[in-house]
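A.B. asks: Next one to model:
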Amino acid sequence: MEMVKLYSMEDWENLPLTSWKIKQPKLKEQRENALDTGGLDLIILPGVAFTKDGKRIGHGGGYYDKYLKECREKQKKSPVTVALCFNQQYLENLPYESHDEKVDIVLCKE
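C.D. replies: Next up, the predicted model:
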């Protein structure tokens, strides 16, 4: 996973969709990678479920866990991680393994 530079909203709107329906530049297209140019200050994370202490369940690919680990290894200061969720996604506890990365802030209506 890479976080690359977007030049405008029009640039975003014109990105092709992958088979997963995710917008991303074509592989042959060279774009500035955030981790090569100073890193990220904030990452808003998706997820299926979250806990008060920052545990997060995604869709099982581990993409964000791996990316957050890479950010923390390459950046001088770790990015702040935030997750937004509905009340139904906010749980008391979730399974947690050593490779899982916690979210710094979970924002929920309650």
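A.B. asks: which is the next helix or strand following the lowest-mean-pLDDT helix or strand in the chain?
C.D. replies: The helix or strand of the chain with the poorest confidence is helix 63-74; it has a mean of 91 (mean pLDDT, DSSP states H and E). Using DSSP states H and E, the helix or strand that follows helix 63-74 towards the C-terminus is strand 80-85.
A.B. asks: Show me what that next one pairs with in its sheet, parallel or antiparallel.
C.D. replies: Strand pairing for strand 80-85, determined by DSSP bridges: strand 42-45 (parallel), strand 105-108 (parallel).
A.B. asks: Arrange those in JSON lines, one row each, with distance to residue 64 and mean pLDDT as further columns.
C.D. replies: Just so you know, the C-beta spots here come from the backbone N, C-alpha and C atoms, and that holds for glycine as well. Output for those, formatted as JSON lines (distance: least, CB to CB, whole Å; pLDDT from 0 to 100):
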{"stretch": "strand 42-45", "distance to residue 64": "6", "mean pLDDT": "95"}
{"stretch": "strand 105-108", "distance to residue 64": "14", "mean pLDDT": "96"}
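A.B. asks: Residue 22 and residue 86: what is the separation?
C.D. replies: Taking CB to CB, to the nearest Å as the measure, residue 22 falls 22 Å from residue 86.
A.B. asks: Can you show me the helices along this structure?
C.D. replies: Using DSSP state H, the helices of the chain run over 9-13, 63-74.
A.B. asks: on that earlier part again, need the contact partners of the least confident helix or strand of the chain.
C.D. replies: 1, 3, 35, 39-40, 43, 45-46, 56, 58, 78-79, 81, 99-101 (CB atoms under 8 Å, 6 or more residues apart in numbering).
A.B. asks: And for stretch 19-26?
C.D. replies: With contacts defined as CB under 8 Å, 6+ apart, stretch 19-26 is touched by 4, 12, 15, 16, 17, 18, 31.
A.B. asks: let's see 10 Å
C.D. replies: With contact meaning CB atoms under 10 Å, 6 or more residues apart in numbering, stretch 19-26 is reached by 1-2, 4-6, 11-18, 31, 59, 61.
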